[in-house]
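Participant: What follows is a predicted structure for the sequence shown.
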Amino acid sequence: MTLLEVRHITKRFGGIVALNDVSLSVAKGEILGLMGANGAGKTTLFSVIAGHAAPTSGEVLFKGQRLTGLSPARICRQGICRTFQIVRPMAGLSVAENVRVAALYGAHALRGAQVGARVAEALAAVGLADQRDTLAGALTLSGQKRLEIARALATGAELVMLDEVMAGLNPTEIAAMLDTLSSLRRDRGLTFVIVEHVIGALMTLSDRILVLHHGEEIASGTPQEIGRNAQVAEVYFG
Ligand SMILES: Nc1ncnc2c1ncn2[C@@H]1O[C@H](COP(=O)(O)OP(=O)(O)OP(=O)(O)O)[C@@H](O)[C@H]1O
């Protein structure tokens, strides 16, 4: 089943064409990797899908419903959530309180016990249950990245867009993050679109990879196909 469909998205910032006629689709339970050098348009694509930036043209559909023009909050309630490259937890609140805010953002109608259950479930899913009362600002970078994912889960998202969730992590933390993301997909049927400069992790996790260059798709395929693509090697690795 197709969950997300991006149709012919173009996004201009003044004279800059950040995205030029980009289309993609993501099936339920799939992990799509987005690859591209700095400035290729990856973050802009996340912003357009999540409603943080209006496309110049084109449309985004989720479960067949048009999202284009909806606010980020409405899009979140439809089931799409993104994380940001630079993590910004509410540092003075506890880990659990941060996740609670996200749960209420995702579904106003949730009541006491339901909120508590959703928070507990999201924290357990990312391995932060033991740190629920820690101040978010006191978490390690790896912990803060996990908190971002827990917040996305707590909104009730079915599709999560992860922006460089491995950046700054050491190899052990990256391996643990790979395990967490794989089990979220396996156990909860979650769907991911991931932007990642840690190429080994992107290759391991993704079912398919789409490569952007100066706002345009230059390749898409399995990680193996992308790994052998000469044009990708030239523009990405120089
Ligand atoms: N708000 C904005 N105003 C003007 N130009 C922007 C804006 N956001 C992005 N751009 C430009 O759009 C292009 C694509 O940027 P984008 O951040 O989407 O790339 P990226 O692939 O995410 O890069 P990185 O890997 O460095 O995060 C760049 O040329 C960037 O300078």
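Facilitator: Okay, I see it. Residues are numbered from 1 along each chain as shown.
Participant: Just read off the phi/psi values of Ala233.
Facilitator: When quoted as degrees, to the nearest 10, the phi and psi of Ala233 stand at phi -60, psi -40.
Participant: any idea of the pLDDT on it?
Facilitator: We have a pLDDT of 89 for Ala233.
Participant: Count the residues that sit near it.
Facilitator: Using other Cβ atoms under 10 Å, Ala233 is surrounded by 12 other residues. To be clear about C-beta, it is placed using only N, CA and C from the backbone, and glycine gets the same treatment.
Participant: show me what contacts it?
Facilitator: By Cβ atoms under 8 Å, 6 or more residues apart in numbering, Ala233 lies in contact with nothing.
Participant: nearest spatial neighbour of the residue positioned nearest the centre of the chain, skipping sequence neighbours?
Facilitator: For the chain, the residue sitting closest to the mean C-alpha position, by Cα atoms, centre = their mean, is Met161 at 1.4 Å. Leaving aside its chain neighbours, Met161 sits nearest to Arg82 (4.1 Å; criterion: Cβ to Cβ, 6 or more residues apart in numbering).
Participant: Which residue ranges of this structure form helices?
Facilitator: 42-50, 72-78, 95-106, 112-125, 141-154, 171-188, 199-205, 223-227, 230-232 (DSSP state H).
Participant: Please convert these to CSV, extending it with mean neighbour count.
Facilitator: CSV is the format used below for those (neighbours: other Cβ atoms under 10 Å):
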stretch, mean neighbour count
helix 42-50, 24
helix 72-78, 17
helix 95-106, 22
helix 112-125, 16
helix 141-154, 24
helix 171-188, 15
helix 199-205, 18
helix 223-227, 15
helix 230-232, 13
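Participant: how about those helices in TSV, adding distance to the ligand?
Facilitator: Putting these into TSV (distance: least, Cβ to the nearest ligand atom, whole Å) gives the following:
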stretch	distance to the ligand
helix 42-50	3
helix 72-78	15
helix 95-106	23
helix 112-125	26
helix 141-154	16
helix 171-188	18
helix 199-205	12
helix 223-227	16
helix 230-232	14
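Participant: could you redo the ones you listed as CSV and give each row distance to Gly64?
Facilitator: Output for the helices of the chain, formatted as CSV (distance: least, Cβ to Cβ, whole Å):
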stretch, distance to Gly64
helix 42-50, 15
helix 72-78, 11
helix 95-106, 21
helix 112-125, 26
helix 141-154, 22
helix 171-188, 22
helix 199-205, 27
helix 223-227, 28
helix 230-232, 32
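Participant: So for His213, which of those sits nearest?
Facilitator: Smallest distance to His213 across those (Cβ to Cβ): 8.3 Å, for helix 230-232.
Participant: ok, and what's touching that closest one?
Facilitator: Outside helix 230-232, the residues that touch it by Cβ under 8 Å, 6+ apart are Met35, Val211, Ile218, Ala219, Ile226.
Participant: change it to 7 Å
Facilitator: Val211, Ile218, Ala219, Ile226 (Cβ atoms under 7 Å, 6 or more residues apart in numbering).
Participant: so what's the third one up against?
Facilitator: Just to be clear, that refers to Ala219. Contacts of Ala219 by Cβ under 7 Å, 6+ apart are Val211, Ile226, Asn229, Gln231, Val232.
Participant: does the first one really touch Pro223, like I thought?
Facilitator: By that I understand Val211. No. Look at Val211 against Pro223 with Cβ atoms under 7 Å: they stay out of range, at 11.2 Å.
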